[in-house]
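S.K.: build me a model from this:
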Amino acid sequence: MTRVFAAADIGSNTAHLLIAASDGRLVTRVDNINEWIPLGETVAREGFIPKDRADELVMAMKEFRRMAQAEAGGRLYVFGTEAMRSAKNGEDVIRRVEKDAGVRVDVITPRREAELAYRGVLLDASGLDLGAMIELGGGSAQVGSVVAGELADEVSLPLGTGRVIAEAGLSNPCPPERRAAAEAYIAKELKRSTITPTRSSVAASGGVARGLWRALHPDGEKALSGPELEYMIWAASRLSEARLVSRFNVKPKRAGTLLPGAMVYLALMNQFGLERMAVSEFGVREGAILEMANGLLEAGSK
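M.R.: Okay, the predicted model is just below:
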């Protein structure tokens, strides 16, 4: 039976709500809204979520709850990822969201985040015989190998776009020494990963990958290649955010993620020996919707 559900993630770049109909196998989007709340970069720099960001989060969750009640019968599941995991005051902020917005928040583990992302990715990548999946956000990157169609080993790396910006001082345009610092930081963190794709086909998921895809592929082809990412790094190192917006037709706040996102994905592709990777239009929220539809995830559960 097809029903309507709502899933929202408090990510490191955005708070994002998906309202969708699902029968447990397919997902049809009904409404999709996001609020840009860059928790990842803030937490990376300061270690905690400041009051003004918490205020924005409470307001967003109030609206998400209202929309879920109106469109999904109140079936809303909210989860937090890297920024909420690593913020020193993350638990305090969650209690405030639950008290002031009436929304329960489940802070999920990196493994759980990768599992939900993989479930979503399979909606449009099940025929690719995947060997690995990469889900890059503002705070971290979840990298997982796929064996016999199932997510196997997984590692969470502090390579989210906000984290890289904070660690290396990236900007648009970007001085050569800052870009070199970012390359060194990315290379150092990638040494922690022992993930090796079991097939040559790899899928990228998440807002950063989709932002790069839309910027580089107005033709709609759902893939990114090494030369395309090199071009994006070249362009984003030289152009202001305003110029990036007009050149690549992206939203102003997404423009700032193009440089660190392209650098991280290119480094991962080089480490895996890939010439190109697929980009999925789906991810963690769709994965959560599927689990709700299959009775594996309870709305509002902790």
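
S.K.: which residues in this protein form strands?
M.R.: 3-10, 14-22, 27-36, 76-80, 105-107, 132-136, 141-147, 150-157, 202-205, 223-225, 276-279 (DSSP state E).

S.K.: and the longest one, what's its mean pLDDT?
M.R.: It refers to strand 27-36. If you average the pLDDT over strand 27-36, you get 96.

S.K.: same question for the second one.
M.R.: What strand 14-22 shows for mean pLDDT is 97.

S.K.: same question for the last one.
M.R.: Per-region confidence: strand 276-279 scores 96 on mean pLDDT.

S.K.: and for the fourth one?
M.R.: Regarding strand 76-80, the rounded mean pLDDT is 98.

S.K.: count of neighbours near the residue lying closest to residue 147 once chain neighbours are set aside?
M.R.: Ranked by CB to CB, 6 or more residues apart in numbering and with sequence neighbours excluded, the top spatial neighbour of residue 147 is residue 198, at 5.5 Å. For the C-beta atoms, the positions are set from N, CA and C on the backbone; glycine is no exception. By the criterion of other CB atoms under 10 Å, residue 198 has 16 neighbours.

S.K.: repeat that for residue 127.
M.R.: Residues near residue 127, counting by other CB under 10 Å: 8.

S.K.: can you check residue 213 too?
M.R.: 21.

S.K.: ok, the nearest residue to it once chain neighbours are set aside to residue 59 distance?
M.R.: With CB to CB, 6+ apart as the criterion, residue 213 has its nearest non-adjacent residue at 4.3 Å, and that residue is residue 279. Residue 279 is 31 Å from residue 59, where distance means CB to CB, to the nearest Å.

S.K.: more neighbours, those two?
M.R.: residue 279 (24 against 15).

S.K.: ok, now which ones touch that one?
M.R.: If you count contacts by CB atoms under 8 Å, 6 or more residues apart in numbering, residue 279 has them with 203-205, 209-210, 212-213, 222-224.
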